[in-house]
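In: Here is a sequence together with a model predicted from it:
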Amino acid sequence: MTKKDNIFKNLIFLDTETTGVEKDDRLFQLAYVFEDKKVDELFNPQKDICIEASETTGYVTKDVKGKEVFENSKAYQELQKLLENRENILVAHNAKFDIRMLENENLKVPRFIDTLKVAQKLDTACFFGAYRLQYLRYAMELEVENAQAHDALGDVLVLQELFQRLYLKMEKQFQNREAILEEMIKISSEPVLIKKFVFGKYKGLTVEDVAKQDQGYLEWLLNEKEKQKAEGDVDEDWIYTLNYYLK
């Protein structure tokens, strides 16, 4: 077994493409790689793909209308079996979104690693301007062949390389694979302290610096995030960050 095979053992690298980003949207493309198994399939989401999703993925509703419904498919049964095995861990970028889409299909995810949160946590020097998967792909110069952006399988291939890079960085601090994975799971399940604004009038500045010069802006933003939370749209990382700097 190569070192890479050992790193990837029992890990389900997964990505979905969906009809939109709302709570009632559904997946129409699922891709995952589990050890030597690779799955990449289209499904009938039983609702229209929104224009914004088509713009991003290149798929329109008619492309998937005649496909099998995911919950009735063999791919569904196989993924369900993998997820039910407590030795396996789901790995995704912005995992809460993919998990929500899997839950819309009545699939449960007991253990997961979110590479977005891990990347944020490890970037203590605020080196990266964003943490989107494709941004990190080029910022970190990840070498991935035949990986088309915003295609589920293409994103999974990038995801694997990103995970390996993060793993190797953590290897310097933690003594074994189990400790690294447990720390990644811990990071993924907790709010992350956001270090830099990537939007708005303070884009590019650290949250710490903005807290010193315009505390009122942080108070306003926290109020907006709390309103969104009351409507069911919870941005736990920003709420945690704003409370941290306002205390």
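Out: Looks like it came in fine. The model shown is predicted, which means the values in this text are computed figures rather than measured ones.
In: Can you show me the strands along this protein?
Out: 11-18, 27-34, 37-42, 89-92, 112-114 (DSSP state E).
In: Dump those strands into a markdown table; add mean pLDDT as well.
Out: Output for these, formatted as a markdown table (pLDDT from 0 to 100):
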| stretch | mean pLDDT |
| --- | --- |
| strand 11-18 | 98 |
| strand 27-34 | 97 |
| strand 37-42 | 96 |
| strand 89-92 | 99 |
| strand 112-114 | 99 |
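In: Tell me which of those strands sits nearest to residue 133.
Out: Across the strands of the chain, residue 133 has its closest neighbour in strand 11-18 (8.5 Å, C-beta to C-beta). Every C-beta, even on glycine, is put in place using the N, C-alpha and C of the backbone.
In: strand partners of that closest one, parallel vs antiparallel please.
Out: In the sheet, strand 11-18 lines up against strand 27-34 (antiparallel), strand 89-92 (parallel) (DSSP bridges).
In: Output these in CSV, with distance to residue 238 appended to each entry.
Out: Listed next are the strands paired with strand 11-18 as CSV, based on distance: least, C-beta to C-beta, whole Å:
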stretch, distance to residue 238
strand 27-34, 26
strand 89-92, 20
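In: quick one: which of those strands is nearest residue 150?
Out: Short answer: strand 27-34, nearest of those by C-beta to C-beta, at 10.0 Å.
In: From the rest of the structure, what touches that closest one?
Out: Contacts of strand 27-34 with the rest of the structure, by C-beta atoms under 8 Å, 6 or more residues apart in numbering, involve 11-19, 38-45, 49, 57, 59, 64, 67, 70, 75, 79, 82, 88, 101-102, 104-105, 151-153, 155-157, 160.
In: ok, of the residues you listed, which come out buried?
Out: 11-19, 39-45, 49, 57, 59, 64, 70, 75, 79, 82, 88, 101-102, 104-105, 151-153, 155-157, 160 (16 or more other C-beta atoms under 10 Å).
In: First-to-last residue distance for stretch 107-119?
Out: Stretch 107-119 has an end-to-end distance of 26 Å (C-alpha to C-alpha, to the nearest Å).
In: cool, stretch 61-80 as well?
Out: 26 Å.
In: same check, this time on stretch 41-58
Out: Counting by C-alpha to C-alpha, the terminal residues of stretch 41-58 are separated by 15 Å.
In: and it, how far from the chain's centre?
Out: Centroid displacement of stretch 41-58 relative to its chain, using C-alpha atoms, centre = their mean, to the nearest Å, is 19 Å.
In: and what of stretch 128-145?
Out: With C-alpha atoms, centre = their mean as the basis, stretch 128-145 stands 14 Å off its chain's centre.
In: For residue 95, give me its contacts.
Out: So residue 95 contacts 112-117, 188 (C-beta under 8 Å, 6+ apart).
In: To clarify, my last question referred to residue 234.
Out: Neighbour list for residue 234: residue 228 [criterion: C-beta under 8 Å, 6+ apart].
In: got it, and the one 10 residues further on?
Out: Under the criterion of C-beta under 8 Å, 6+ apart, the neighbours of residue 244 are residue 193.
In: Touching, residue 242 and residue 224? I think so.
Out: No. Judged on C-beta atoms under 8 Å, residue 242 makes no contact with residue 224 at a distance of 9.8 Å.
In: Compare neighbour counts for those two and give me the winner.
Out: The neighbour count for residue 242 versus residue 224, taken as other C-beta atoms under 10 Å, is higher for residue 242 (24 against 13).
In: If anything else comes up later, I'll come back, but that's it for now.
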